[in-house]
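Peer 1: Okay, predicted coordinates and the sequence, questions at the end:
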Amino acid sequence: MTTPHDHNTRLQRAVLSLEGLALGDAFGGRFTYRDTAGRHLPPPIWYFSDDTVMALGVVAILSRHTRIETEPLARLFAANFQADPYRGYGQSVRRVLDRIAEGVPWSVAARESFGGTGSMGNGGAMRVAPLGAYYADDLSTLVEQARASAEVTHAHPEGQAGAIATALAAAWAWNHRSETSPQFGRVTTQAVVPPEPLTPPLRGDPLPQGERDVFPSESGENKSHTSPLVGEVGPLRGPGEGCGRDLSRTGGVDTSTRSGQDLLAFVVEHTPLSETRTGIEKALALGPDRSIVEATTTLGNGSRITAPDTVPFALWCAARHIDDYSEALWSTVEAGGDNDTNCAIVGGIVILANGRESIPTEWFEAAEMLPIGSPAGNPDRP
């Protein structure tokens, strides 16, 4: 394994995306039962969900291996789930991770769902934006690695297409970032690589089974939305086909155009042929001036917990407010649906275009602290 000469720089931008993803996840999760009218910030603490836990796993593997290694990634996902299963994992991925923990190869476990087709859920997309940031200047590798990061739990091509599309959007956002924003803000890569052993990655007292609320979806990807975990959080530890023209190595910043429509067009061009890509084409045709109601009617809002029902809408929201992180998230939660995942996708993308300093300080102060040595989050949570 050859470490890229710019590995630390890549990792810094992956962590920046992780911060935006985690904050979006925690913010969106607070609106499961809350009205967005008046846009009143929910009271702290905003706790993150499985979206962030799995994104932390992706970043940890990139930090340790400089690429996605599927076996360690699958084991890490399973270990983190076993240590704390009360972060809102969907029923399908819970079964997959249980099987991996039992010693079943991930390639077998991931295909056992839905009659052998595997999951087409949005789980691969919700955790992948940091990977898009890491490979922002190497897009052909990005497609391969995004697919690999998804396939350990989502064998269905739609689940993988959703991950590829989201990673592409994150790369576009970084390559079109604001010239006025700091490159990384105050992010740090301290403690991204976890100490051995991997478990226990989380500490705390899980809520009793009876205190969880389960929301069924048409896809069978039931998501368990839990109340916050109480306790200290410790350290967590076929490429390119159908993607349009060949993706070449790119780099630098292109601020000559910063249009959300360009973001969507770029993602459409390089996403594999799929229902998810068709949805993103609809998002592009819809344009940024339509209402949230029109967008959800056309694109979905994540209620089905599938990639085609989630990723087109989330990317439309990110593109519509690519210059404004807080407006992007407020707009996203107005649609309802899978709020934590929708906002995780949007947050992991839009922060890359604007930098950490573009986010109000009180948002970070309200959120659960990420266990990566980052200054983000509320250090005084119970």
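Peer 2: That came through, no problem. Keep in mind that this is a model prediction, so the values were computed, not measured.
Peer 1: How much space separates the closest residue to residue 122 other than its chain neighbours from residue 158?
Peer 2: Take residue 122 and drop its neighbours on the chain: the residue closest to it by CB to CB, 6 or more residues apart in numbering is residue 310, 4.0 Å away. C-beta coordinates here come from the backbone N, C-alpha and C atoms, glycine included. Using CB to CB, to the nearest Å, residue 310 is found at 11 Å from residue 158.
Peer 1: Run through the stretch 51-200 of the chain and note the low-pLDDT ranges.
Peer 2: 179-200 (pLDDT under 70).
Peer 1: between residue 310 and residue 158, which one's more packed in?
Peer 2: A count of neighbours by other CB atoms under 10 Å puts residue 310 above the other of residue 310 and residue 158, at 30 against 24.
Peer 1: Please report the distance of the more buried one from residue 126.
Peer 2: 8 Å.
Peer 1: list residues touching both of these two?
Peer 2: Counting by CB atoms under 8 Å, 6 or more residues apart in numbering, the contacts common to residue 310 and residue 126 are 341, 345.
Peer 1: just the helices in the stretch 51-200 of the chain please.
Peer 2: 70-83, 91-101, 106-109, 123-126, 129-134, 139-151, 157-175 (DSSP state H, counting those that start in this stretch).
Peer 1: Turn these into CSV, including distance to residue 339.
Peer 2: As requested, the helices of the stretch 51-200 of the chain are exported to CSV (distance: least, CB to CB, whole Å):
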stretch, distance to residue 339
helix 70-83, 21
helix 91-101, 18
helix 106-109, 28
helix 123-126, 12
helix 129-134, 17
helix 139-151, 21
helix 157-175, 16
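Peer 1: Figure out which of the ones you listed is closest to residue 279.
Peer 2: With CB to CB, the closest approach to residue 279 among the helices of the stretch 51-200 of the chain belongs to helix 157-175: 9.1 Å.
Peer 1: does residue 29 really touch residue 42, like I thought?
Peer 2: No. With contact defined as CB atoms under 8 Å, residue 29 does not count as touching residue 42 (9.3 Å).
Peer 1: Settle it for me: which of these two has more neighbours?
Peer 2: Counted by other CB under 10 Å, residue 29 and residue 42 do not tie: residue 29 has more neighbours, with 27 against 15.
Peer 1: Next up, the contacts around the closest residue in space to the more buried one that isn't next to it in sequence.
Peer 2: In space, residue 29 comes closest to residue 340 once its chain neighbours are excluded; the distance is 3.9 Å by CB to CB, 6+ apart. Residue 340 makes contact with 25, 26, 28, 29, 32, 49, 51, 88, 225 under the criterion CB under 8 Å, 6+ apart.
Peer 1: same check, this time on residue 318
Peer 2: Contacts of residue 318 by CB under 8 Å, 6+ apart are 169, 173, 260, 263, 328, 345, 346, 349, 350.
Peer 1: State the pair within those that is farthest apart.
Peer 2: Maximum pairwise distance among the contacts of residue 318 (CB to CB): 14.3 Å, between 260 and 345.
Peer 1: Between those two, tell me which one has more neighbours.
Peer 2: Counted by other CB under 10 Å, residue 260 and residue 345 do not tie: residue 345 has more neighbours, with 36 against 27.
Peer 1: wait, the more buried one sits on residue 129?
Peer 2: Yes. With contact defined as CB under 8 Å, residue 345 counts as touching residue 129 (6.7 Å).
Peer 1: Spit out the residues that contact the two alike.
Peer 2: By CB under 8 Å, 6+ apart, the residues touching both residue 345 and residue 129 are 21, 166.
Peer 1: I figured residue 95 was touching residue 113, is that so?
Peer 2: Yes. With contact defined as CB under 8 Å, residue 95 reaches residue 113; the gap is 6.7 Å.
Peer 1: who has more neighbours, these two?
Peer 2: Taking other CB under 10 Å, residue 95 and residue 113 do not tie; residue 113 has more neighbours (25 against 15).
Peer 1: What distance do you get for that one to residue 53?
Peer 2: 20 Å.
Peer 1: In strands, which of the contacts of residue 318 appear?
Peer 2: Using DSSP state E, no member of these sits in strands.
Peer 1: Which one (most neighbours) among the residues you listed?
Peer 2: Going by other CB under 10 Å, residue 345 tops those with 36 neighbours.
Peer 1: what's it in contact with, if anything?
Peer 2: Taking CB under 8 Å, 6+ apart as the test, what residue 345 contacts is 21, 24, 122, 125, 126, 129, 166, 310, 311, 314, 315, 318.
Peer 1: go with 7 Å
Peer 2: 125, 126, 129, 166, 314 (CB atoms under 7 Å, 6 or more residues apart in numbering).
Peer 1: ok now do the nearest residue to the third one once chain neighbours are set aside, which residues does it touch?
Peer 2: Of all residues beyond its chain neighbours, the one nearest residue 129 is residue 348 (2.8 Å), with distances taken as CB to CB, 6+ apart. With contact taken as CB under 7 Å, 6+ apart, residue 348 is in contact with 17, 20, 21, 24, 129, 130, 170.
Peer 1: Now those residues in a markdown table, please, with extra columns for distance to residue 334 and neighbour count.
Peer 2: Putting the contacts of residue 348 into a markdown table (distance: CB to CB, whole Å; neighbours: other CB atoms under 10 Å) gives the following:
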| residue | distance to residue 334 | neighbour count |
| --- | --- | --- |
| 17 | 23 | 31 |
| 20 | 19 | 34 |
| 21 | 20 | 33 |
| 24 | 14 | 37 |
| 129 | 21 | 37 |
| 130 | 26 | 30 |
| 170 | 23 | 36 |
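Peer 1: Would you mind checking which of those residues is nearest to residue 336?
Peer 2: After measuring the contacts of residue 348 against residue 336 - CB to CB - the closest member comes out as residue 24, at 15.5 Å.
Peer 1: and the closest one, that's in a helix?
Peer 2: Yes. Under DSSP: H, G, I helix; E, B strand; the rest coil, residue 24 falls within a helix.
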